[in-house]
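# Sequence and computational prediction follow.
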Amino acid sequence: MTIDSEDHSVLVGCTDDLHLKEEDKHNLIQYLCTVKISEETIIKAKTGERLSFSNLNEGQLVKVILTRPQEVNKNQETRVMTAKEIIAY
């Protein structure tokens, strides 16, 4: 995970979640998704303890729950989403 403090977002790897054509599934490119964090986004530790954006660390493993289902593909515009909840591990 990479943190963008200015944009109040994080970049996470999302290649496994992409809807790719069969011939593209063996591609070794790592795609990134921009996850925006709003004032409504809940950030917490795996223990359930509430955290703030400043508690997140570069390279930290996180689980992201989106505000709504979203299909993602190679198109950059589909890889920008808003988090409902982020769980930090």
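Nice, I can see it. Residues are numbered from 1 along each chain as shown.

# what packs against the longest strand along the chain?
Within the chain, and with DSSP state E defining each element, the longest strand by residue count is strand 32-45. With contacts defined as 3 or more CB pairs under 8 Å, 6 or more residues apart in numbering; DSSP states H and E, the packing partners of strand 32-45 are strand 9-13, strand 80-88. C-beta coordinates here come from the backbone N, C-alpha and C atoms, glycine included.

# For the ones you listed, give me JSON lines that also has mean pLDDT, distance to Val64 and mean neighbour count.
Below are the helices and strands packed on strand 32-45 laid out as JSON lines (pLDDT from 0 to 100; distance: least, CB to CB, whole Å; neighbours: other CB atoms under 10 Å):
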{"stretch": "strand 9-13", "mean pLDDT": "94", "distance to Val64": "6", "mean neighbour count": "18"}
{"stretch": "strand 80-88", "mean pLDDT": "97", "distance to Val64": "5", "mean neighbour count": "17"}
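
# how about TSV for these, with distance to Thr2 added?
Output for the helices and strands packed on strand 32-45, formatted as TSV (distance: least, CB to CB, whole Å):
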stretch	distance to Thr2
strand 9-13	4
strand 80-88	14
